[in-house]
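Student: Here is my input; please provide its structure:
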Amino acid sequence: MTGGQAESDEELARSVQRGDRQALERLVRRYVRPVHAVVAAFLTEREAIEDASQETFLRALQALGRYDSRRPFAPWLYQIARNVARNQRAAEGVRRAEPFPADGPAAREPPPDVAAERSEMRTRIEERLMRLPEQRRTAFRLVDVEGMSAEEAGRIMDLSPGTVRSHVHHARRQLRQILGEYAGDTRNTVTRKSATGNKGG
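Tutor: Next up, the predicted model:
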């Protein structure tokens with residue numbers, strides 16, 4: 001590394017191959033969030049996502065001796081994450097859980113009816129996401145959930161930024177459709193309740 005310029009992934013990988021533990025730490029820190037997002041495109045339970053993320057780095061470290069540093073590192077790691085998540089999903093099955101992080105332990109619990117509506121909405125969104133093509137799910141997770149740019153996500157997925165944007169666009173359109181359907185169901189429910197209440201009065 002010269003002139004204070006950050007080392008590339010491939011340079012860090014070569015350093016790790018030579019036994020540099022600090023290079024390994026920097027590489028893991030650089031890819032914790034992307035790997036988390038990649039496995040979350042296959043798994044929904046938080047514990048399963050965390051386990052798959054850790055397993056990805058363990059397998060990558062074990063396979064690093066065979067990694068060809070002349071090739072891009074990110075797609076290589078991404079492929080390992082996909083394989084780990086697929087295997088875990090096949091072994092354990094898809095277990096329904098909260099798809100997005102909660103507000104934190106200090107957050108106040110919403111009223112039961114509000115909590116039920118939010119849970120239903122999250123379930124609909126997660127179910128629809130899991131039906132999207134794999135790359136579309138992953139692009140959405142990286143860009144809209146993890147806040148990456150299309151360029152960053154493309155580097156991880158080995159896709160052009162334009163292709164990533166296209167995947168994200170289609171995923172967002174699907175989610176807007178869900179929101180519209182849900183809003184329509186909610187309005188119909190309120191109308192039915194109101195009509196029932198009027199008859200009783």
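Student: Touching, Pro75 and Met157? I think so.
Tutor: Yes. Pro75 is within contact range of Met157, at 7.2 Å (criterion: Cβ atoms under 8 Å). Quick note: C-beta positions are derived from backbone N, CA and C, even for glycine.
Student: between those two, who's got more neighbours?
Tutor: Remark: of Pro75 and Met157, Met157 carries more neighbours, 21 against 14, as counted by other Cβ atoms under 10 Å.
Student: Go ahead and confirm that one touches Gln135.
Tutor: Yes. Assessed by Cβ under 8 Å, Met157 is found in contact with Gln135 at 6.6 Å.
Student: Looking at the helix or strand harbouring Arg173 now, give me its mean pLDDT.
Tutor: Here Arg173 sits within helix 161-200, counting by DSSP states H and E. For helix 161-200, the mean per-residue pLDDT is 69.
Student: Stretch 77-85 now?
Tutor: On average, stretch 77-85 scores 92.
Student: same thing with stretch 39-49?
Tutor: 87.
Student: now swap in stretch 56-71 and tell me
Tutor: 92.
Student: Show me the domain layout of this protein.
Tutor: 7-97, 109-201 (automatic domain parsing).
Student: Deepest in the core, which of the ones you listed is it.
Tutor: Most buried of the domains of the chain, by mean neighbour count (mean count of other Cβ atoms under 10 Å): domain 7-97, with a mean of 17.
Student: Relative to Thr138, how far out is Arg59?
Tutor: 18 Å (Cβ to Cβ, to the nearest Å).
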